[in-house]
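Q: A predicted structure for the sequence below; I have some questions about it.
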Amino acid sequence: MPRTPEVVDHLPAGASQVEPPATPEEGHHLTVDLVERAMSFIADAKQVAPDKPFYLHLCPGATHAPHHVPKEWADRYRGRFDDGWDAFREHTFHPERQLGVVPADAQLSPHEPDVPEWESLSGDARRLAARMMEVYAGFLSHTDHHIGRLLDFLKETGEFDNTLIMVVSDNGRAPRAG
């Protein structure tokens with residue numbers, strides 16, 4: 001018999017569970033909590049053994065669904081995607097080519113056949129899809145901001161230049177509108 005997934009409302013720490021310091025309604029966000037705990041872990045490790053290296057594996061939830069981000073972060077992108085996904089692909093591709101991020105002779109990949117044409121969506125579906133893109137972008141920006149806080153912490157503690165940082169990521173999975 002298949003099991004129903006349970007909602008995880010705590011973090012494991014060793015053999016014990018860590019309750020969140022607040023609820024989402026009170027402003028708690030997992031990314032913030034993870035970064036705070038990472039900084040605390042590093043500070044504790046360096047206090048106990050200042051010359052000993054540490055290992056930290058930070059795994060924020062961004063940008064895998066469900067996309068949870070404070071509203072103000074998503075609202076920063078309001079209107080940015082109103083012209084649709086193909087327009088945004090064009091908007092980002094050409095500057096990347098000019099900057100040399102992609103080769104000068106690169107061509108934009110064809111429209112994904114499983115994704116509906118933007119103009120084929122109803123007005124409501126376009127508004128929903130644009131909002132979903134705003135939330136996705138806000139979630140990524142929110143996570144980037146808090147990872148930046150961790151990097152700033154490493155600089156403040158003198159550990160930045162002595163730290164190997166590897167970023168392994170994908171673009172997440174998002175539900176589709178339309």
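A: The structure has been received and is ready for your questions.
Q: what does the strand or helix carrying Gln98 contact?
A: Using DSSP states H and E, Gln98 falls within helix 85-99. Here helix 85-99 makes contact (Cβ atoms under 8 Å, 6 or more residues apart in numbering) with 80-81, 102-104, 106, 108, 111, 115, 117-118, 129, 133. For every residue, glycine as well, the C-beta is placed using N, CA and C.
Q: measure Tyr136 to Phe93 for me?
A: 18 Å (Cβ to Cβ, to the nearest Å).
Q: who's more crowded, these two?
A: When neighbours are counted by other Cβ atoms under 10 Å, Tyr136 comes out ahead of the other of Tyr136 and Phe93, with 21 against 16.
Q: wait, doesn't that one sit right on His67?
A: Yes. Between Tyr136 and His67 there is a contact at 5.6 Å, judged by Cβ atoms under 8 Å.
Q: the chain: strands as residue ranges?
A: 11-13, 16-18 (DSSP state E).
Q: what are the ranges of the helices in this protein?
A: 30-48, 71-75, 85-99, 123-156 (DSSP state H).
Q: tell me the contacts of the closest residue to Ala74 other than its chain neighbours?
A: Distances taken as Cβ to Cβ, 6 or more residues apart in numbering place Gly138 nearest to Ala74, at 3.5 Å, with adjacent residues excluded. Contacts for Gly138 (Cβ under 8 Å, 6+ apart) come out as 69-70, 73-77.
Q: quick one, which of the contacts of helix 85-99 are buried?
A: 81, 118, 129, 133 (16 or more other Cβ atoms under 10 Å).
Q: contacts only, for the second one.
A: In this case it means Trp118. 83-87, 126, 129.
Q: repeat that with 6 Å
A: Counting by Cβ atoms under 6 Å, 6 or more residues apart in numbering, Trp118 makes contact with 84, 86.
Q: quick check: the gap between it and Gly138.
A: 21 Å.
Q: for stretch 70-79, measure first residue to last.
A: One end of stretch 70-79 sits 17 Å from the other (Cα to Cα, to the nearest Å).
Q: give me the mean pLDDT for that stretch.
A: Averaging pLDDT along stretch 70-79 gives 96.
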